[in-house]
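> here are the coordinates; sequence isn't available:
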């Protein structure tokens, strides 16, 4: 009878050892799959960060270019305003000397003043359009930045929310963190 019990014990130990080898192999396989998934997620996060940096760089370049164009337009506008002021002074002088100036010369000067006013109005309108373009570029960049940040947060949450199973021979002693197969459950934080 002791022989029968000893055989059962030996058989149970062999089965236990076999099951542990199988569980260990399964764990290794799952661990490799997890590591590959983790590596792919890290690569994706890196790509998204590179894309975000590229978009920021492009936005900064576009913003600098727009500011340069805006400064040039502002300089032209200032020059035109000075010219307009000078023409206004000249117009006042011409009004005083109206009797001495022929009507053809006066009409020509009025036409020039009118053309300059038209140019000034056009430049002021262009400056307003450039400011709108800068606002639109900034708004688009902010939207793209927010979307990329949401993607990064989502991927980081997926990366941090996964569980890792650890197979140990003494796992059966710990009842709180062991499943029915003797695997110790470790929660990653």
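Arrived safely. Worth saying up front: this structure is predicted, and the values here are computed from it rather than measured.
> For the rest of this, base every contact and every neighbour count on C-alpha atoms.
Will do.
> Quick check: residue 97 vs residue 130, distance?
Relative to residue 130, residue 97 is positioned 42 Å away (Cα to Cα, to the nearest Å).
> Show me what stretch 48-60 is in contact with.
137-138, 141, 145, 148, 152 (Cα atoms under 8 Å, 6 or more residues apart in numbering).
> Check which residues of it are buried.
48, 52, 56, 59 (16 or more other Cα atoms under 10 Å).
> Over to stretch 142-152?
In stretch 142-152, counting by 16+ other Cα under 10 Å, buried: 145, 148, 152.
> List the contacts of the second one.
With contact set as Cα under 8 Å, 6+ apart, residue 148 has these partners: 48-49, 52.
> Where does it sit: helix, strand or coil?
Of the three states, residue 148 takes helix under DSSP: H, G, I helix; E, B strand; the rest coil.
> Let me see the confidence value for it.
Listed pLDDT for residue 148 reads 84.
> pLDDT wise, what is residue 58 at?
As predicted, residue 58 sits at a pLDDT of 92.
> For it, give its distance to residue 47.
From residue 58 to residue 47 the distance is 16 Å (Cα to Cα).
> Which stretches in the protein count as helices?
Using DSSP state H, the helices of the chain run over 2-96, 103-160.
> Lowest mean pLDDT across those, which one is that?
Looking at the helices of the chain, the bottom one is helix 103-160 with a mean of 82.
> Give me the distance from it to the chain's centre.
Centre-to-centre, helix 103-160 and its host chain are 22 Å apart (Cα atoms, centre = their mean, to the nearest Å).
> between that helix and helix 2-96, how many degrees?
Relative orientation of helix 103-160 and helix 2-96, computed by axes from the mean of the first three to the mean of the last three Cα atoms, to 10 degrees: 170 degrees.
> begin at 14 from here
Understood, numbering begins at 14; the last thing we discussed is helix 116-173.
> now the residue most central in space within the chain, nearest residue through space, not along the chain?
By Cα atoms, centre = their mean, the mean C-alpha position of the chain lies nearest to residue 158, the distance being 2.8 Å. The spatial neighbour of residue 158 that comes closest, neighbours along the chain excluded (Cα to Cα, 6 or more residues apart in numbering), is residue 65 at 6.6 Å.
> roughly how far apart are residue 61 and residue 109?
According to Cα to Cα, residue 61 stands 70 Å off from residue 109.
> same check, this time on residue 23
Distance of residue 23 to residue 109, given as Cα to Cα: 126 Å.
> and what of residue 100?
Distance, residue 100 to residue 109, using Cα to Cα: 14 Å.
> Please identify which of those two sits among more neighbours.
residue 100 (19 against 11; other Cα atoms under 10 Å).
> Does that one touch residue 127 like I think?
No. Taking contacts as Cα atoms under 8 Å, residue 100 lies outside contact range of residue 127: 10.3 Å.
> wait, which of the buried residues of stretch 61-73 is closest to residue 105?
Ranked by distance to residue 105 (Cα to Cα), the buried residues of stretch 61-73 are led by residue 72 at 47.8 Å.
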